[in-house]
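*Asks:* quick one: sequence and predicted model below, then my questions.
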Amino acid sequence: MNCSRQKKRDMAALQRLDHRYLSMLKNDYLIEIKPPNSWPDDTYDLLKQYGAPDTCYYLSKNELISGKTLPLREALEHAIGFGFASIISCIPGELAYFEAEQSFGPPPRYLLKKPSNR
């Protein structure tokens with residue numbers, strides 16, 4: 001698939017997640033990060049507790065860095081407070097960070113973790 005087509009698909013997926021993430025993401029994977037939750041260092045520590053590696057894949061409406069593998073801390077600094085949907089895949093299919101679009105107040109933030117009983 002060419003790069004431009006993939007970026008369009010990624011952006012369309014993020015657009016859908018902005019407003020319908022609760023119906024699109026598996027509820028048993030969602031672990032809400034309760035406010036105050038706007039510090040990248042705290043989220044970094046939390047992800048590391050769950051086994052996140054030092055680098056991750058970043059998908060975001062920030063096209064300058066979306067689709068790139070970045071150091072986890074740097075990806076979180078870009079995602080947290082950006083205002084639009086971001087997904088940071090730490091362990092594909094197992095562990096990720098998701099931040100929804102900000103509409104009022106802090107945006108919803110979640111760890112996406114595959115339950116261990118699967």
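*Replies:* Received, thanks.
*Asks:* report the central residue of this protein.
*Replies:* Ile87 (2.3 Å; C-alpha atoms, centre = their mean).
*Asks:* that one sits in which helix or strand?
*Replies:* Assignment of secondary structure by DSSP states H and E places Ile87 within strand 86-91.
*Asks:* mind giving me the packing neighbours of that strand?
*Replies:* If contacts are counted by 3 or more C-beta pairs under 8 Å, 6 or more residues apart in numbering; DSSP states H and E, strand 86-91 sits against helix 3-24, strand 55-60, helix 72-79, strand 95-99. Every residue, glycine included, has its C-beta placed from N, CA and C.
*Asks:* mind running it again at 6 Å?
*Replies:* With contacts defined as 3 or more C-beta pairs under 6 Å, 6 or more residues apart in numbering; DSSP states H and E, the secondary structure elements packing on strand 86-91 are strand 55-60, strand 95-99.
*Asks:* Ser38 and Ser60: what is the separation?
*Replies:* Using C-beta to C-beta, to the nearest Å, one obtains 17 Å as the distance from Ser38 to Ser60.
*Asks:* more neighbours: which of those two?
*Replies:* Each of Ser38 and Ser60 had its neighbours counted (other C-beta atoms under 10 Å), and the higher figure belongs to Ser60 (23 against 13).
*Asks:* residue contacts, the residue lying closest to that one once chain neighbours are set aside?
*Replies:* Nearest non-adjacent residue to Ser60, counting by C-beta to C-beta, 6 or more residues apart in numbering: Ser86, 4.0 Å away. Residues near Ser86 by C-beta atoms under 6 Å, 6 or more residues apart in numbering: 60, 79, 99.
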